[in-house]
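K.L.:
could you work out the structure for the sequence below:
(one chain, ligands or ions: 1)
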Amino acid sequence: MKSIFGPVPSRRFGKSLGIDVIPAKTCSFDCIYCESGPTTSFSLTPQNFIACAKVLEELRAFIRKNPDGADVFTFSSAGEPTLYGPLGELITAVKKDYPQTPLIVLTNGSLLWKPEVRRGLLGADRVVPSLDAVTPKVFRKINRPHPGLEPGLIIEGLRAFRKEYKGQLHIEVLLVEGVNDSPEELSAIASTLETLRPDKVELNSVVRPPAHAGTHGLTGDGMNRAAAFFSALNLEIIGAFQSSEKTCGREDLAQRIVDTVQRRPCTANELAASLGVSFELVQRESKKLEEQGKLSRQTFGAKSFLCPPAPIR
Ligand code: SF4
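P.N.:
From the prediction side, this is the model:
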């Protein structure tokens with residue numbers, strides 16, 4: 001299992017070097033908007049999927065080769081990062097080696113009611129849990145959770161984490177047209193967030209090919225209308241990816257493209273910006289990878305995305 005990927009183009013963090021410690025699509029949710037396809041292994045039990053020492057060695061090797069290769073480290077995957085048992089141990093070790101590089105964990109927030117999961121996240125600079133719905137019906141429709149989960153339990157976990165965690169807590173709300181964008185749901189989510197007092201609320205929508213056909217993001221107007229419900233909170237509507245000047249080596253470009261799109265479909269422009277190479281070079285390599293059956297293309301929202309070979313349904 002390869003655990004370092006990217007850097008990926010992150011609309012939130014710039015150039016983000018991904019740390020992935022979860023087998024693909026091992027998750028507690030099966031979100032309709034997931035960029036990584038349907039969940040194949042449902043779980044609520046953290047496990048030791050890969051040795052911390054192996055992940056650290058891979059990270060060190062990448063940084064040795066690309067000393068300016070990342071703006072941030074992000075624990076993110078085609079699954080749920082808090083399902084990694086030794087997450088706290090790994091976060092502590094990464095921060096010890098690279099104290100200057102911000103370390104972010106993206107999580108669906110569904111396991112924060114477990115004290116050991118909360119403890120494991122305390123060393124991260126920023127934790128970004130999701131909260132897409134607070135009413136059970138909408139929650140089931142958008143996140144399609146493990147049967148052991150319900151919104152009350154997740155909100156209880158977020159509340160406990162808010163009390164214990166001293167870093168930056170951002171909460172992401174991802175909006176899907178016709179699913180969780182009704183005035184009633186938006187108002188209920190906003191009221192819950194006001195009691196949780198996160199440092200920031202990140203309002204996001206569907207911008208890449210989703211797991212399930214017929215899932216659509218909101219328009220700019222729709223996002224602005226939704227934003228009005230969160231006026232009492234520090235809100236950010238997630239914008240376009242900005243490239244930094246840092247670049248990565250080209251020698252393993254084909255493999256980096258494959259590793260990146262396995263976790264997240266990307267346009268050729270995004271890959272060029274995040275990997276620090278020209279658009280033409282990405283196009284050339286991608287074409288070869290397509291011919292070898294290692295990549296496919298999908299159009300979503302009038303953009304062409306490079307995706308894993310198996311079509312996402
Ligand atoms: S979007 Fe995240 S939480 Fe939802 S199914 Fe995909 S990996 Fe799991």
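K.L.:
which residues of the chain lie near the ligand?
P.N.:
27, 29-31, 34, 36, 39, 78-80, 108 (CB under 6 Å from any ligand atom). The way it works is simple: take the backbone N, C-alpha and C, and place the C-beta from them, glycine included.
K.L.:
just the buried members of those?
P.N.:
Buried members of the residues of the chain next to the ligand, counted by 16 or more other CB atoms under 10 Å: 27, 29-31, 34, 36, 39, 78-80, 108.
K.L.:
save those as CSV, and put in secondary structure and pLDDT too.
P.N.:
As requested, those are exported to CSV (DSSP: H, G, I helix; E, B strand; the rest coil; pLDDT from 0 to 100):
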residue, secondary structure, pLDDT
Cys27, strand, 97
Phe29, coil, 98
Asp30, coil, 96
Cys31, coil, 96
Cys34, coil, 94
Ser36, coil, 88
Thr39, coil, 95
Ala78, coil, 85
Gly79, coil, 93
Glu80, coil, 97
Asn108, coil, 98
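K.L.:
just the strands in this protein please.
P.N.:
Using DSSP state E, the strands found in the chain span residues 4-10, 14-19, 26-27, 41-42, 72-75, 103-107, 126-129, 168-175, 200-205, 235-237, 296-300, 303-307.
K.L.:
mind showing which ranges of the protein have poor pLDDT?
P.N.:
1, 9, 11-12, 239-251, 310-313 (pLDDT under 70).
K.L.:
for it, identify the residue most remote from the centre.
P.N.:
Here the centre of the chain is the reference, and by CA atoms, centre = their mean the most remote residue is Glu291, at 28.7 Å.
K.L.:
contacting residues around the residue nearest to Phe300 when sequence neighbours are not counted?
P.N.:
Leaving aside its chain neighbours, Phe300 sits nearest to Pro209 (4.3 Å; criterion: CB to CB, 6 or more residues apart in numbering). Neighbouring residues of Pro209 by CB atoms under 8 Å, 6 or more residues apart in numbering: 35, 265, 298, 300, 305, 307, 312.
K.L.:
if we go to 10 Å?
P.N.:
33, 35, 37, 215, 264-265, 297-301, 303, 305, 307, 311-312 (CB atoms under 10 Å, 6 or more residues apart in numbering).
K.L.:
list buried residues within those residues.
P.N.:
For the contacts of Pro209, a burial check counting by 16+ other CB under 10 Å picks out 33, 35, 37, 215, 264-265, 300, 303, 305, 307, 312.
K.L.:
distance to Thr192 added to these, as JSON lines?
P.N.:
Listed next are the buried ones among the contacts of Pro209 as JSON lines, based on distance: CB to CB, whole Å:
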{"residue": "Tyr33", "distance to Thr192": "20"}
{"residue": "Glu35", "distance to Thr192": "25"}
{"residue": "Gly37", "distance to Thr192": "29"}
{"residue": "Thr215", "distance to Thr192": "23"}
{"residue": "Arg264", "distance to Thr192": "28"}
{"residue": "Pro265", "distance to Thr192": "31"}
{"residue": "Phe300", "distance to Thr192": "30"}
{"residue": "Lys303", "distance to Thr192": "33"}
{"residue": "Phe305", "distance to Thr192": "33"}
{"residue": "Cys307", "distance to Thr192": "34"}
{"residue": "Ile312", "distance to Thr192": "31"}
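K.L.:
just flag the most distant two among the residues you listed.
P.N.:
For these, the farthest-apart pair by CB to CB is Gly37 and Lys303; their separation is 18.4 Å.
K.L.:
okay if I get the strands of the chain as TSV plus distance to Arg225?
P.N.:
Shown next, in TSV, are those (distance: least, CB to CB, whole Å):
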stretch	distance to Arg225
strand 4-10	26
strand 14-19	28
strand 26-27	30
strand 41-42	34
strand 72-75	30
strand 103-107	26
strand 126-129	23
strand 168-175	10
strand 200-205	11
strand 235-237	11
strand 296-300	23
strand 303-307	23
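K.L.:
relative to Ile91, which of the ones you listed is closest?
P.N.:
Judged by CB to CB, the one of those that comes nearest to Ile91 is strand 103-107, at 6.4 Å.
K.L.:
what packs against the closest one?
P.N.:
Judged by 3 or more CB pairs under 10 Å, 6 or more residues apart in numbering; DSSP states H and E, strand 103-107 is in contact with strand 14-19, strand 72-75, helix 87-97, helix 115-121, strand 126-129, strand 168-175.
K.L.:
show me the contacts for Ser286.
P.N.:
253-254, 257-258, 261, 266, 268, 271, 294-295, 297, 306.
K.L.:
report the buried members of these.
P.N.:
Of these, these count as buried by 16+ other CB under 10 Å: 253-254, 257-258, 261, 266, 268, 271, 294-295, 306.
K.L.:
can you get me a residue count around the residue of the stretch 151-300 of the chain found nearest the ligand?
P.N.:
For the stretch 151-300 of the chain, the residue closest to the ligand is Ala211, as judged by CB to the nearest ligand atom, at 7.1 Å. Using other CB atoms under 10 Å, Ala211 is surrounded by 19 other residues.
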